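> need a 3D model of the sequence below.
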Amino acid sequence: MPHQRLNPDTLYRAAGDVYSQIVRSEAGTQWHIAGMVPLDRNRQLVGEDDMAAQVRQVMHNVRLALDAVGAGPEHIVRIHIYTTDMDRFMTQGRELLYGFFGDAPPASTLLGVARLADARYLVEVEVTAVSG
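Okay, here's the model as predicted:
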């Protein structure tokens, strides 16, 4: 079965529509959610130079993506977190991000990077969810 690609209206559109926000693959049902950044659905940056505000927006976008496919945080099995400021993430964003999962924490990778797609982004998160 071919992959199903989704770009829900509740999320910001990919610049140039060069990637899908969500890709569905068969095998339980796996949901591969593209890197979520701190943009609202109108592509406006939320929380310039504010780690906590950016983490909240990123995880809000993760929730919108999960809602679009009928999944929840408990279905996330893998998360990749990219940050341009590890110290600020650890003190201002870590608890906010991981609190999203409650009692169902996923496997996780946290990476410090020199820069994200927009130099104003402090954090980006991609997840894999499995449901069904």
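> give the buried residues for the biggest helix by length in the chain.
In the chain, assigned by DSSP state H, the helix with the most residues is helix 51-68. In terms of neighbour count (16 or more other C-beta atoms under 10 Å), helix 51-68 has its buried residues at 51-59, 61-66, 68. Quick note: C-beta positions are derived from backbone N, CA and C, even for glycine.
> what lies in contact with that helix?
6, 8, 10-12, 21-22, 31, 33, 36-40, 46-47, 72-73, 75-76, 85, 88-89, 92-93, 96-97, 100, 121-125, 127, 129 (C-beta atoms under 8 Å, 6 or more residues apart in numbering).
> can you name the element that comes right after the helix or strand bottoming out on mean pLDDT in the chain?
Using mean pLDDT, DSSP states H and E, the weakest-scoring helix or strand in the chain turns out to be strand 22-25, at a mean of 56. Counting by DSSP states H and E, the next helix or strand C-terminal to strand 22-25 is strand 30-36.
> now that following strand against helix 51-68, angle please.
150 degrees (axes from the mean of the first three to the mean of the last three C-alpha atoms, to 10 degrees).
> what lines up beside strand 30-36 in the sheet?
Based on DSSP bridges, the pairing partners of strand 30-36 within the sheet are strand 22-25 (antiparallel), strand 123-130 (antiparallel).
> pLDDT weak spots in this structure?
In the predicted model of the chain, residues 1-6, 14-27 satisfy pLDDT under 70.
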